[in-house]
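Participant: have a look at this fold, sequence not included:
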């Protein structure tokens, strides 16, 4: 109940609006425009439940655990607004994560996807300079650019936690990448096991050697380090698997290999699905894997089919 009350207090005004047949303001979070997703990280004794939501232009600043995280957010916030010469304010997303018995952790994300690529690069460089992480960012950027392929910066994020535990994260979207390429980008981080990562990617991709549509790479930075500390790779399961049943089974296989009993994951997926998993696709949207020394560091991202797909176009009589 405490977590539910915190979530209700944090959600922007749109949370109190009735859900209609289509989104009043479509969000980039989900393909149907719904502005929220739920995810679960399965490492550790207890899973960590996360809720991410789009503020949709509302001024929402989550509380930092110790105050430092909020000050970090305030320090870089202007960098992602027209006051800093950007073409428009970056969409602002927030998330809260809870792993009992620990306290709730808050995170904030700036969506850079609406901007030209040069503006994204400039904003990230300026934000990293404000946070004293220029050396690590310059090193990571050079290493990423040395990997063949096409990719773009899509998000900049900060953990709203105390200084020792907090991370600053930069998300790349990979285009047309194979599994080897995304592993090379992940290896930009100092703590990355490429062999374990390759095995995890192969489990999720099935017979495919490519990373599917628009795989994501998150590079995480920590204060005092001159290189990206960790990396997480996100694979889009609706493109790699035929349906949610297949996506869930591949993910369950990965969890089992990582020493995590997949029973709770299977139960959760089945309870969230609108019907049989074999008849749906896209409920399990993303699965991420981090090979940084912690077993079972797998996160499953669920996006709910809230809005119905648009009706098919009427056939046109070309005659």
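Facilitator: Great, that's in hand. Everything numeric in this text was worked out from a predicted model, so none of it was measured.
Participant: name the residues that touch stretch 296-305?
Facilitator: 29-32, 34, 37-44, 50, 200, 232, 234, 251, 254-255, 258-260, 265, 269, 272, 274, 280, 282-291 (CB atoms under 8 Å, 6 or more residues apart in numbering). (C-beta placed from N, C-alpha, C; glycine too.)
Participant: any idea how far residue 255 lies from residue 104?
Facilitator: From residue 255 across to residue 104, the span is 24 Å (CB to CB, to the nearest Å).
Participant: neighbour-wise, which of these two wins?
Facilitator: Between residue 255 and residue 104, counting by other CB atoms under 10 Å, residue 255 is the more crowded of the two (23 against 17).
Participant: sec struct for residue 185, please.
Facilitator: Under DSSP: H, G, I helix; E, B strand; the rest coil, residue 185 falls in the helix class.
Participant: for residue 174, same thing?
Facilitator: Three-state assignment for residue 174 (three-state DSSP): strand.
Participant: dump the residue contacts of it.
Facilitator: By CB under 8 Å, 6+ apart, the neighbours of residue 174 are 149-151, 181-182, 185, 211, 214-217.
Participant: ok, of those, which come out buried?
Facilitator: Among the contacts of residue 174, the ones that count as buried by 16 or more other CB atoms under 10 Å are 151, 181-182, 185, 211, 214-217.
Participant: still on that earlier bit, from the contacts of stretch 296-305, which ones fall inside helices?
Facilitator: Judged by DSSP state H, the subset of these located in helices is 200, 251, 254-255, 265, 269, 272.
Participant: okay, who's weakest in the buried ones among the contacts of residue 174 by pLDDT?
Facilitator: pLDDT is lowest at residue 214 among the buried ones among the contacts of residue 174; the value there is 94.
Participant: pretty sure that one sits against residue 235.
Facilitator: No - using CB atoms under 8 Å, residue 214 is not in contact with residue 235; the gap is 9.8 Å.
Participant: residue ranges of the helices in this structure, please?
Facilitator: 2-10, 68-77, 117-130, 134-145, 179-186, 194-205, 237-240, 244-257, 263-272.
Participant: quickly, which of the ones you listed bottoms out on average pLDDT?
Facilitator: Minimum mean pLDDT among these: helix 2-10, a mean of 69.
Participant: the top strand by length along the chain - contacts with which helices or strands?
Facilitator: Assignment by DSSP state E gives strand 150-160 as the longest strand of the chain. With contacts taken as 3 or more CB pairs under 8 Å, 6 or more residues apart in numbering; DSSP states H and E, strand 150-160 sits against helix 68-77, strand 105-111, helix 117-130, strand 168-175.
Participant: pairing partners for the last one, with directions?
Facilitator: The sheet places strand 168-175 alongside strand 150-160 (antiparallel), strand 216-221 (antiparallel), with pairing taken from DSSP bridges.
Participant: now those strands in a markdown table, with distance to residue 16?
Facilitator: Shown next, in a markdown table, are the strands paired with strand 168-175 (distance: least, CB to CB, whole Å):
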| stretch | distance to residue 16 |
| --- | --- |
| strand 150-160 | 24 |
| strand 216-221 | 31 |
